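3D, please:
(chains A and B)
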2 protein chains.
Amino acid sequence: MSENLVYLDNAASTRVDDRVIEAMKPYLVDTYAVATSDFAYSLGIDAKEGLEQAREDIAKQMNISPQEFIFTSGGTESSNLALKGVAEAQKENGNHIIISKIEDFPVLKSAEALEKKGFEVTKLDVDDKGSVDIEQLKNEVRDDTILTSIQHANQEIGTVQDIETISEICQDENVIFHTDATHTFTRIPLNFGNLPIDLATISSHTIHGPKGIGGLYIKEGTPIQKRMDGGFQENNLRAGVENIPGAVGFAKATELVTQDENERLKDMRDALIESVLSDISATTLNGPRQDRTPQNANITFHYVEGESITLHLDMRGFAVSTGSACFSKSLEASHVILGMGGDHERAHGSVRFSFGRFNGMEDVEKIVESISEVVEDLREISPLGEEE
Amino acid sequence: MSENLVYLDNAASTRVDDRVIEAMKPYLVDTYAVATSDFAYSLGIDAKEGLEQAREDIAKQMNISPQEFIFTSGGTESSNLALKGVAEAQKENGNHIIISKIEDFPVLKSAEALEKKGFEVTKLDVDDKGSVDIEQLKNEVRDDTILTSIQHANQEIGTVQDIETISEICQDENVIFHTDATHTFTRIPLNFGNLPIDLATISSHTIHGPKGIGGLYIKEGTPIQKRMDGGFQENNLRAGVENIPGAVGFAKATELVTQDENERLKDMRDALIESVLSDISATTLNGPRQDRTPQNANITFHYVEGESITLHLDMRGFAVSTGSACFSKSLEASHVILGMGGDHERAHGSVRFSFGRFNGMEDVEKIVESISEVVEDLREISPLGEEE
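Residues are numbered from 1 along each chain as shown, chains lettered A, B, ... in the order given. Okay, the predicted model is just below:
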């Protein structure tokens, strides 16, 4: 079964592109030296050049300077460094941090860890589509606010935030601004260099690049405390022997995403949303109809459990995931759906569909047919019952 | 030139073995799902099984339980987590930490970062071969000592420490003990499970595995504070989407190291040391003659700069590195050579040779010939002059 499984899950974007693997190979078997020293033999310098070229390519895509970009082990590390590193460096100036209620776990849990250390954290409300309450942001900013972190788009429901406005408010108030752009980088344009964004988290495995590599944009002059001590790598902000094959693969993955591909993802997303909402009764789209990431659809199938749908679709050869439990070992309800004002029933019936490069429109047709059948079957035996 | 370069540097062990790449491939292109959820589709479970098998293989090699081993992004992260995580978790019990003077940067700089946060750090002396002063350890342990971190072997001079005795002293004194085994894992047997070792750092890129992956042994019950917040991965001790290809590659690299290979490395090391010391005047072996890692030789060529030797050998097709500057962007003298009581002249004239799987005895013969010529040439023009 496995080999025919159609991914319509975040894993749809985690299949490493063959061209990425080809780009990485030379740095695994030929130019494999450690890149650290400036005073070393020639092949170490070649390896370093590969690393710096990767940095330059990604920086160019972000419209920032290469010196403002560091590689990390992934988006989680990037967001931890952004929040904790800035909080530590700024603690003399205040102890108030603002995030949204629906941030992904790396930001949410980093903020909560800082809360335990004496920082105060305000979690902004979102409306019923998942949009951050911008008036509330303006009201909550205080003299002792040192950092605001608002995601570019949501990991579960795809809602895109108005980062232009949010970052400008932060700039006006003299508050450092971080955005978690894990789910939008290369998918939705964001001019990191021109906007008053101070830090941004990006990741490789969400765009068919390798796992174990990510990055953090740190605008020049941003106060930040190093968290990984050791060598002087990554502009002396992140110690550790550089994962050069990973960095090169990440840069290649970045290069391979095209506007055409993003349009194609959007078409598949829209076809799925339209078919499901029109063909299957008692369904609710989570997040906005338009301002969402091109790859994401998230739909609640009322009166059934998302986990049951997942299991039944798996048996039919489709890999989807529930909105909840994505990062969790528990079956707790999604903090995102609850954060939008959804109840537990809505949260537990939600299913996330996420398209990748290797999906096609035929996958959409096939899965809509399967979901219709699965949901109908499950509703017949559902203890939740329809309220009619 | 590059393609013919003979590595006799730490990079000698960073060429990823083709069999490692083959083992990783399925997890890049087929079983590429995210492994996190226990409530997911079948291929996510297959991916998770790959991860857990890798964990089991490495744990078995260490004679520990798989639940006691977590994957990290490398040795640097492991040592940071060990020192800072234990210090944070134990700070109510005391604030004194013991390390040696010659620890590698991840331990050294983590300890110094803790010092800035109010912890007190004692750096134990080493003798002229780099062995930690065990009597001093006994004397320095106090009621408020919460952690001792002593490396298994040194990164520059290869000196192997008596971890059996050191860990037992810590156990007797009720002090948590961490060892950085980056340069010995699979090369020198250490029974992590049977000795009173509480934490141990290991790394993949030092044994022909991929960069960007490492591990930390955390004995069950060891108090430790998570440092990377987000998801519940890695026994809830290290958040972030798992680098499964990296973990699988690391496990394969571990499996591929054999006792025969270690004997072969030792033979090359011994041949190099003997030839250089007998053929070239004014040379000093740094570290002990026998109790050193099988892959490492470190020799001071008096009256010349190590960096000059490196450059000239590079032009002749050999990649070696100086003892100093390995992690540094500066040309500062090696804290290891200075820590052993060596002076700046000795530190700056030191060269590290490190053998890997893809070296052969013919490399030894060729390099000894080249070094003889290079050192002779350099001494003729040396401003340092021989004291004769």
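
separation between residue A:304 and residue A:342?
15 Å (CB to CB, to the nearest Å). C-beta: built from backbone N, CA, C; applies to glycine.

mind showing which ranges of chain A have poor pLDDT?
A:1-5, A:7, A:9-12, A:32-43, A:323-331, A:384-388 (pLDDT under 70).

all strands of it, in order?
A:6-7, A:69-72, A:96-100, A:120-124, A:145-149, A:176-180, A:199-203, A:214-218, A:283-285, A:296-301, A:318-319, A:321-322, A:350-354 (DSSP state E).

what sits closest to residue A:230 if chain neighbours are left out?
Spatially, and ignoring its direct neighbours in sequence, residue A:230 is nearest to residue A:239 (3.1 Å; CB to CB, 6 or more residues apart in numbering or on different chains).

kindly apply the preceding question to residue A:292 instead.
residue A:158 (3.6 Å).

hmm, back to that, adding distance to residue B:315, write the strands of chain A out as JSON lines.
JSON lines is the format used below for these (distance: least, CB to CB, whole Å):
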{"stretch": "strand A:6-7", "distance to residue B:315": "51"}
{"stretch": "strand A:69-72", "distance to residue B:315": "31"}
{"stretch": "strand A:96-100", "distance to residue B:315": "54"}
{"stretch": "strand A:120-124", "distance to residue B:315": "57"}
{"stretch": "strand A:145-149", "distance to residue B:315": "50"}
{"stretch": "strand A:176-180", "distance to residue B:315": "46"}
{"stretch": "strand A:199-203", "distance to residue B:315": "40"}
{"stretch": "strand A:214-218", "distance to residue B:315": "35"}
{"stretch": "strand A:283-285", "distance to residue B:315": "65"}
{"stretch": "strand A:296-301", "distance to residue B:315": "54"}
{"stretch": "strand A:318-319", "distance to residue B:315": "54"}
{"stretch": "strand A:321-322", "distance to residue B:315": "55"}
{"stretch": "strand A:350-354", "distance to residue B:315": "52"}
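
the ones you listed: which one's closest to residue B:309?
strand A:69-72 (31.2 Å; CB to CB).

ok now the closest one, how far from the chain's centre?
Relative to its chain's centre, strand A:69-72 lies at 16 Å (CA atoms, centre = their mean, to the nearest Å).

how about stretch A:354-362?
Relative to where its chain is centred, stretch A:354-362 has its mean C-alpha point 18 Å off (CA atoms, centre = their mean).

that stretch and chain B, are they touching?
No: using CB under 8 Å from any CB of the partner chain, stretch A:354-362 never reaches chain B; the gap is at least 10.2 Å.

buried set for that stretch?
A:354, A:355, A:356, A:357, A:359 (16 or more other CB atoms under 10 Å in any protein chain shown).

can you pull the contacts of the fourth one?
Translated: residue A:357. A:13, A:15, A:17, A:208, A:261 (CB atoms under 8 Å, 6 or more residues apart in numbering or on different chains).

just checking: which of these also lie near chain B?
Applying CB under 8 Å from any CB to those, those adjacent to chain B are residue A:15.

out of the contacts of residue A:357, which is nearest to chain B?
residue A:15 (4.7 Å; CB to the nearest CB).

what is the burial count for that closest one?
By other CB atoms under 10 Å in any protein chain shown, 20 other residues sit near residue A:15.

and if you look at residue A:334?
28.

now for residue A:53: which residues touch it?
Neighbouring residues of residue A:53 by CB under 8 Å, 6+ apart: A:248, A:251.

for residue A:282, which non-adjacent residue is spatially closest?
residue A:302 (4.1 Å).

surely the one you found is in contact with residue A:345?
Yes: the criterion here is CB atoms under 8 Å, and residue A:302 meets it with residue A:345 at 7.0 Å.

more crowded one of the two?
residue A:302 (19 against 16).

which phi and psi does the more buried one have?
phi -70, psi 150 (degrees, to the nearest 10).

how near is it to chain B?
Going from residue A:302 to chain B by CB to the nearest CB, to the nearest Å gives 20 Å.

likewise residue A:275?
In terms of CB to the nearest CB, residue A:275 sits 21 Å off from chain B.

now swap in residue A:164 and tell me
27 Å.

nearest residue to residue A:132 in space, please, no chain neighbours.
residue A:100 (4.9 Å).

how about the helices in the stretch 251-388 of chain A?
If DSSP state H, counting those that start in this stretch is used as the criterion, the helices of the stretch 251-388 of chain A fall at A:259-279, A:306-315, A:335-339, A:344-348, A:361-381.

nearest residue to residue A:69 other than its sequence neighbours?
residue A:59 (4.8 Å).

now residue A:67
That would be residue A:235: by CB to CB, 6+ apart, it lies 6.4 Å from residue A:67.

surely that neighbour meets residue A:70?
Yes: counting by CB under 8 Å, residue A:235 does reach residue A:70; the two are 5.9 Å apart.

among those two, which residue is more densely surrounded?
residue A:70 (20 against 14).

distance of that one from residue B:104?
Relative to residue B:104, and taking CB to CB, residue A:70 is found at 21 Å.

I'd assumed residue A:248 was in contact with residue A:50.
Yes: the pair residue A:50 / residue A:248 is scored as a contact, 5.6 Å apart, by CB under 8 Å.

and for those two, which residues touch both?
In contact with both residue A:50 and residue A:248: residue A:27, using CB under 8 Å, 6+ apart.

who has more neighbours out of the two?
Neighbours per residue, other CB under 10 Å: of residue A:50 and residue A:248, the larger number sits with residue A:248, 27 against 23.

quick one, what contacts the nearest residue to the more buried one once chain neighbours are set aside?
Distance criterion CB to CB, 6+ apart; nearest residue to residue A:248, sequence neighbours excluded, is residue A:54 at 4.9 Å. Counting by CB under 8 Å, 6+ apart, residue A:54 touches A:71, A:244, A:247, A:248, A:250, A:251.

the residue nearest to residue A:69 contacts residue A:70, correct?
No: counting by CB under 8 Å, residue A:59 sits too far from residue A:70 to count as a contact (10.4 Å).

returning to that earlier point: what is the burial count for the residue nearest to residue A:132?
For residue A:100, using other CB under 10 Å, the count is 28.

kindly state the beta-bridge partners for it.
residue A:124 (DSSP bridges).

burial of the nearest residue in space to residue A:308 that is not next to it in sequence, as a residue count?
Closest residue in space to residue A:308, ignoring its immediate chain neighbours: residue A:378 at 5.4 Å, by CB to CB, 6+ apart. A count of nearby residues for residue A:378, using other CB under 10 Å, gives 19.

residue A:378 and residue B:16, how far apart?
Counting by CB to CB - residue A:378 and residue B:16 are separated by 47 Å.

follow-up on the earlier one: redo the contacts of residue A:54 as JSON lines? Include distance to residue A:137.
Below are the contacts of residue A:54 laid out as JSON lines (distance: CB to CB, whole Å):
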{"residue": "A:71", "distance to residue A:137": "31"}
{"residue": "A:244", "distance to residue A:137": "40"}
{"residue": "A:247", "distance to residue A:137": "34"}
{"residue": "A:248", "distance to residue A:137": "38"}
{"residue": "A:250", "distance to residue A:137": "31"}
{"residue": "A:251", "distance to residue A:137": "34"}
